[in-house]
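Student: Let me see the structure of the following:
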Amino acid sequence: QVQLVESGGGLVQAGGSLRLSCAASGRTLGYYAVGWFRQSPGKEREFVAFINRSGGSTYYTDSMKGRFTISRDNAKNTIYLQMNSLKPEDTAVYYCAADLSPGLVYRDSDYDYWGQGTRVTVSS
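Tutor: Here you go, the predicted model:
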């Protein structure tokens, strides 16, 4: 199985950028599709972005399109989430998750492996 560790979170002003990383160990990340999710206090965890095993297909929640970019470097066993034009409502704990599915996976219940999360705080 694969273990995931997120990093790159922190405090940023509105309009700023952060790049989150999700590093995998235990098994080659190239076997897995990966999603990013986030959870704000008092809210349910929500889907942010998806990337398939090869990196050739991505999918985003509408509110993230044009601001967030998911990418992967299978040679480094790492997934990235570049977040630009951040807003206070982007404040949340961000999680990466992995699944062996060959297709689009956007429901958190479909993912088998999760990281511990990294906190992002966007100040106004």
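Student: so what pLDDT did the residue nearest the centre of the chain get?
Tutor: Central residue check for the chain by C-alpha atoms, centre = their mean: the C-alpha nearest the mean position is that of Trp36, 2.5 Å away. For Trp36, the pLDDT comes out at 98.
Student: can you pull the contacts of Ser101?
Tutor: 33, 110 (C-beta atoms under 8 Å, 6 or more residues apart in numbering). Bear in mind the C-beta positions are built from the backbone N, C-alpha and C, glycine included.
Student: Can you tell me who the residue nearest to the centre of the chain pairs with across the strands?
Tutor: Trp36 forms beta bridges with Ala49, Cys96, as assigned by DSSP bridges.
Student: pretty sure it is in contact with Thr69, am I right?
Tutor: No. Between Trp36 and Thr69 there is no contact under C-beta atoms under 8 Å: 10.7 Å.
Student: any shared contact partners between those two?
Tutor: Counting by C-beta under 8 Å, 6+ apart, the residues touching both Trp36 and Thr69 are Leu81.
Student: So which residues make contact with stretch 109-124?
Tutor: 1-14, 16, 18, 20, 22, 32, 35, 38-39, 83, 86-101, 105.
Student: quick one on the thing from earlier: any idea how far the residue nearest to the centre of the chain is from Asp108?
Tutor: The spacing between Trp36 and Asp108, counted by C-beta to C-beta, to the nearest Å, is 11 Å.
Student: Overlap of the contact sets of those two?
Tutor: Joint contacts of Trp36 and Asp108 (C-beta under 8 Å, 6+ apart) are Ala97.
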